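**Student:** got a sequence here, can you model it:
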Amino acid sequence: MINNISLRAMLCLVAVLICAGLAGCGIENNRLAGDETAVLVATISEWNEFGGDDAEPQELVRVKKGDVIFEKYSYKLVVKSVSSEKIVISSAGGIVEKEKGGGINLNSKAPKTITINKGEEKCFATQSMDGGVNFVFRYEIR
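**Tutor:** Sure, this is the predicted structure:
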């Protein structure tokens, strides 16, 4: 016969396992299928009041968590997670998404994470007026 303490312990264990299982359903799959390759196509161009450079797109193949995409002028972009659906990049701040007309909002709050969905292209820029960096990112799975 099961005593009261054993029954409570078993019920508690079952509750913990159920909660853990439900919580696990919301965790993003941070892996790619064996034959998939994550590719971040990045065009990173620096500019100042005299003009900009003619940066060509670079294919960053097999990007993975922890890869540094850019680090210069106190700006740092690091891959936070990679899945077959999206790439998430963490930012040290000061980088904002460009508006439709190509400008930036100097008053907007710079996000700490940048998400680029598979097949999507996004344009970002440093939040500055006299010089900075433009970023164009496209995420692909091959």
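**Student:** going by C-alpha atoms from here, please, whenever you check contacts or count neighbours.
**Tutor:** Noted.
**Student:** how about the helices in this protein?
**Tutor:** Secondary structure of the chain (DSSP state H): helices at 4-24.
**Student:** helices and strands of it: which one bottoms out on pLDDT?
**Tutor:** Scoring the helices and strands of the chain by mean pLDDT, DSSP states H and E places helix 4-24 at the bottom, with a mean of 48.
**Student:** beta partners of the residue nearest the centre of the chain?
**Tutor:** Central residue of the chain (Cα atoms, centre = their mean): Val88, 1.4 Å from the mean position. With DSSP bridges as the criterion, Val88 is bridged to Ser81, Thr115.
**Student:** and it, what pLDDT?
**Tutor:** You'll see Val88 listed with a pLDDT of 98.
**Student:** distance check, it against Asp67.
**Tutor:** Distance, Val88 to Asp67, by Cα to Cα, to the nearest Å: 11 Å.
**Student:** overlap of the contact sets of these two?
**Tutor:** Val79 (Cα atoms under 8 Å, 6 or more residues apart in numbering).
**Student:** check contacts around Thr113.
**Tutor:** Contacts of Thr113 by Cα under 8 Å, 6+ apart are Val88, Ile89, Ser90, Ser91.
**Student:** quick check on the residue lying closest to Gly93 once chain neighbours are set aside: phi, psi?
**Tutor:** Leaving aside its chain neighbours, Gly93 sits nearest to Ala110 (5.5 Å; criterion: Cα to Cα, 6 or more residues apart in numbering). Ala110 adopts backbone torsions of phi -70, psi 130, taken as degrees, to the nearest 10.
**Student:** for Phe124, see how far away Ala110 is.
**Tutor:** To Phe124, Ala110 is 10 Å away according to Cα to Cα.
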